[in-house]
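J.: any chance you could fold what I've pasted below:
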Amino acid sequence: MPADKKQVIDKFKTHEGDTGSPEVQIALISQRIENVSDHLKGHGHDNHSRRGLLTLINKRRRLLYYLTRKAPDRYKDIINKLGLSK
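T.: Model prediction:
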């Protein structure tokens, strides 16, 4: 998991040493959403993980909304890179 996290950070960082920009946060949350979604496919009655998934989705949604207001060009770029629909 830490190696995957480092690869995501390296792919989406905006400058050297960047670990907290909205782009990096959105990419890391998207990776966690994929992991939890895969878990829920095999464990359909795991409601605690389902609630965590909804929390992650809402956090990503808020970060994406922040980017739409502050930097629409960066928003469009991250949406295209991650393949999200908006």
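J.: low pLDDT regions in the chain?
T.: Scanning the chain with the threshold set as pLDDT under 70 gives 1.
J.: in it, which spans are strands?
T.: Counting by DSSP state E, no segments of the chain form strands.
J.: residue with max distance from the center of it?
T.: His45 (23.9 Å; Cα atoms, centre = their mean).
J.: would you mind measuring from Ile78 to Arg62?
T.: 14 Å (Cβ to Cβ, to the nearest Å). Yep, even glycine has a C-beta here, placed from its N, CA and C like the rest.
J.: more neighbours, those two?
T.: Ile78 (22 against 11; other Cβ atoms under 10 Å).
J.: quick one: the helices in this structure?
T.: 2-12, 22-42, 47-70, 72-82 (DSSP state H).
J.: of those helices, which stretch is the most buried?
T.: Highest mean neighbour count of the helices of the chain: helix 22-42, a mean of 16 (counted as mean count of other Cβ atoms under 10 Å).
J.: I appreciate the help and will end here.
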